[in-house]
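1. here's my sequence, what's the structure:
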Amino acid sequence: MSQFPVKTQEKFDELHRSNVRLQKLTTLHESKIKAIQEKCAKLGEASEETNKRLNQVFEEQYHCKRDRDCLDQYINKFFNFCQNMKPQPQGHSLDNPYQEAIKPDVLLDKKRRSPSQYQDGEKMTYSGK
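-> Just a heads-up that it's a prediction; the model follows:
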């Protein structure tokens with residue numbers, strides 16, 4: 001009879017470790033989801049149809065909260081949904097979280113002169129904002 005509590009304790013410890021791993025995994029997925037949600041809010045138009053579809057995607061998350069593969073699929077589906085939202089402003093991308101820091105006005109635009117349009121002796125200057 002003294003062995004029973006020990007085995008019970010081992011099972012309990014194993015279950016606890018499993019729950020801790022699961023909790024960390026869920027937290028990781030939730031942070032990914034939150035980041036994508038914030039990005040989505042910036043990218044998408046807040047139309048009624050878009051909100052309806054977003055809510056539908058959010059609900060799917062709760063059906064698979066404890067399954068890693070399901071969560072990964074959910075994140076991918078949500079990510080793809082966000083990528084397909086219209087309009088997507090130029091210079092914003094979910095692929096590169098640092099994309100927002102790369103402003104399009106740093107690149108040469110059509111209003112600036114090409115090197116062949118400069119007069120002899122005139123210096124080319126960078127006019128980034």
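2. okay, and the helix or strand of this structure with the least pLDDT?
-> Taking mean pLDDT, DSSP states H and E as the measure, the helices and strands of the chain show their lowest mean at helix 48-63, namely a mean of 65.
3. which residues touch Ser18?
-> Residues near Ser18 by CB atoms under 8 Å, 6 or more residues apart in numbering: none. For every residue, glycine as well, the C-beta is placed using N, CA and C.
4. longest helix in the chain, by residue count?
-> helix 3-43 (DSSP state H).
5. quick one: low-confidence parts of the protein?
-> Residue ranges of the chain with pLDDT under 70: 1-6, 39-51, 54-55, 57-69, 71, 74, 78-79, 81-129.
6. 50 instead?
-> 1-3, 88, 92-94, 96-113, 126-129 (pLDDT under 50).
7. and Arg53, how far is that from Lys11?
-> Distance check for Arg53 against Lys11: by CB to CB, to the nearest Å, it reads 43 Å.
8. looking at those two, which is more packed in?
-> For the pair Arg53 and Lys11, the greater number of neighbours falls to Arg53 (15 against 10), based on other CB atoms under 10 Å.
9. next one: the more buried one from Cys70, what distance?
-> 19 Å.
10. over to Lys52?
-> Summarising the geometry, the distance separating Lys52 from Cys70, computed by CB to CB, is 22 Å.
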